[in-house]
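Student: how would this look folded up:
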Amino acid sequence: MNQTAIEPKSLRAVNEVFNAEELDALCQRIIASGVLGRSKNYSALLNYLVQCSIDGKSPKEIEIALDVLGRGDDFDVSADSTVRVYVHQLRKKLGGYYKNYDTDAEYRIVIPKGSYTVAVAPIAKPTLEPEVLHQTHSPFNLNTGLLITVLALLAVNLLYMLTVNNSKVRLPSQVAADHPVWNPVLADQLPILLVMGDYYIFGELNANGNVARMVRDFNVNSRFDLEELQFSDIERAENYLDLDLSYMPEGSAFALAKIVPILQESGKSVNITMMSDLTTSDIRDNHIVYIGYLSALEKLTAMTFAGSGLTIGRSYDELQNTETQEYYTSDAGLPEEGEPFRDYGMFATFPVSTETQVILISGMRDAGLMHTAQALSDTDSLDDLIVAIDNDTDEAVASFEALFEVFGLDRLNFDANLVYANQHDVDQIWGVPQPALLN
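Tutor: Numbers count the residues shown, from 1 in each chain. Modelled structure (predicted):
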């Protein structure tokens, strides 16, 4: 359901639409859905604001701090934005509930901006729109241009498919999809989840409660991380605000356009999410196809390198061969415009359970990422990978890794060599460390 701006004149008092019993039942459904998260403060705040609205009361910020959040009498609303943060988050969570759970509702309860009351807004029925990708988690926000680019490329691909539908010409994506490297994720009925490596950013509020700047903290990689920080270190994070924003590398658009047509050949729906929204249950229940930088692997990092012959070096722009001790270092982030550079792209495929598979299409920077996606969509390059590991059994093809050395200019790849290929040690992914021996 598309979320649209709410006109103030369309808002109605809660008691004009719902009676007390209906409101209580609605609140319980919202809480039971899990959309409010683990914190009990959000459910308490929802119930409090709903009750105030029933009573015709508009609570003050200090009252919410004292009555709901348990703050002391010395709480200073001018210096502490905790209440504003909670109300802002609750407003978004209510929107998420109606988007993902109560999709047939005629009315939704909202918290109008600039107030601490609950009102009711009618829900306009959305018009049907064609979809190419089924989005299962939060929207892409800063990456609207990226999605427009991808959709345009996929539209061109669809048009081409229609023009050759009655001929014997096969699309490159159709040929690539038949390659054994792709079989582990395409040949069964399990769903495919396309995971985009993104970088979570949040806002920092000034003394007036306005967003003063955007912050990227490498220890805060999702809204859940930010929420944990706000509860564990309130002094440091009291002015931080989740804006539901993230950004992705430019090379992701090229990679998406190469890989999505291959995944669509399976006939299965291709769902998409951001790494900052990926959950453990997602990994358990889906085949995972990751596209992005190595530095954005996050939840997949440990299992990717547990059975790998490579390890992260001094930064995510460097990998080390654990057998030869050779270093592969990208300088793609350093050169001036017009200067040539060297980058690296990494491919890996391995099972994470008896049923589900992870395919990693990654790079240290854009050039490496784009070349890896290009190689995985070309049958000759896929054949080169099989030759490099010197083993074409189903087990071997379903569990190996490769590294491409990519030469480029201005973040574009011009030439590349396959410099490393090796079997992935699957037993190490879930290997349990042996306890230390006691003297």
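Student: what's the neighbour count on residue 363?
Tutor: 30 (other C-beta atoms under 10 Å). Heads up, the C-betas are built off the backbone N, CA and C, glycines and all.
Student: Do I have it right that it meets residue 347?
Tutor: No - Residue 363 is beyond contact range of residue 347, at 9.7 Å (criterion: C-beta atoms under 8 Å).
Student: Overlap in contacts, these two.
Tutor: Here residue 363 and residue 347 share the contacting residues residue 372, scored by C-beta atoms under 8 Å, 6 or more residues apart in numbering.
Student: doesn't residue 109 make contact with residue 29?
Tutor: No - using C-beta under 8 Å, residue 29 is not in contact with residue 109, being 11.2 Å away.
Student: More neighbours: which of those two?
Tutor: Taking other C-beta under 10 Å, residue 29 and residue 109 do not tie; residue 109 has more neighbours (23 against 13).
Student: Let me see the contact set for the nearest residue to that one once chain neighbours are set aside.
Tutor: Of all residues not flanking residue 109 in the chain, residue 118 sits nearest, at 5.3 Å (C-beta to C-beta, 6 or more residues apart in numbering). Going by C-beta under 8 Å, 6+ apart, residue 118 touches 14, 49, 50, 52, 53, 109, 110, 111.
Student: For residue 235, see how far away residue 118 is.
Tutor: Between residue 118 and residue 235 the distance is 30 Å, computed by C-beta to C-beta, to the nearest Å.
Student: again, but for residue 248
Tutor: Using C-beta to C-beta, which is the criterion applied here, residue 248 is 32 Å from residue 235.
Student: of these two, who's got more company?
Tutor: A count of neighbours by other C-beta under 10 Å puts residue 248 above the other of residue 248 and residue 235, at 23 against 7.
Student: Show the pLDDT at the more buried one.
Tutor: If you check residue 248, the pLDDT there is 88.
Student: how far does stretch 52-70 stretch from start to finish?
Tutor: Terminal residues of stretch 52-70 are spaced 17 Å apart (C-alpha to C-alpha, to the nearest Å).
Student: again but with stretch 320-328, I slipped
Tutor: For stretch 320-328, the first-to-last residue distance is 6 Å (C-alpha to C-alpha).
Student: Run the chain-centre distance for that stretch.
Tutor: 30 Å (C-alpha atoms, centre = their mean, to the nearest Å).
Student: hmm, who's touching it?
Tutor: By C-beta under 8 Å, 6+ apart, stretch 320-328 touches 308-313, 318-319, 344, 403, 405, 419-420.
Student: Mind checking which of these are in strands?
Tutor: 310, 311, 312, 318, 319, 344, 403, 405, 419, 420 (DSSP state E).
Student: So for the last one, what's the pLDDT?
Tutor: Looking back up the chat, that one is residue 420. So residue 420 comes in at 97 (pLDDT).
Student: hey, what's the nearest residue to it once chain neighbours are set aside bridged with?
Tutor: Once flanking residues are discounted, residue 420 sits nearest to residue 403: 3.9 Å by C-beta to C-beta, 6+ apart. Judged by DSSP bridges, the bridge partners of residue 403 are residue 346, residue 420.
Student: Going by residue numbers, what spans are strands in the stretch 101-250 of the chain?
Tutor: 107-110, 119-122, 134-135, 192-196, 199-205, 211-215, 240-247 (DSSP state E, counting those that start in this stretch).
Student: hey, least reliable of those by pLDDT?
Tutor: strand 134-135 (a mean of 50).
Student: quick one: secondary structure of residue 78?
Tutor: At residue 78 the chain is in coil, as set by DSSP: H, G, I helix; E, B strand; the rest coil.
Student: actually residue 284, sorry about that
Tutor: Applying three-state DSSP: residue 284 is helix.
Student: Next up, the contacts around it.
Tutor: Contacts of residue 284 by C-beta under 8 Å, 6+ apart are 352, 353, 356.
Student: top of those by neighbour count?
Tutor: residue 356 (19 neighbours).
Student: For the residue nearest to that one when sequence neighbours are not counted, give the beta-bridge partners.
Tutor: Among residues not flanking residue 356 along the chain, residue 287 sits closest, at 5.6 Å (C-beta to C-beta, 6+ apart). Note on residue 287: beta-bridge partners by DSSP bridges are residue 192.
Student: Model confidence for residue 287, exactly?
Tutor: So residue 287 comes in at 98 (pLDDT).
Student: Likewise for residue 336?
Tutor: 64.
Student: With the one 4 residues further on instead?
Tutor: In the prediction, the pLDDT value recorded for residue 340 is 87.
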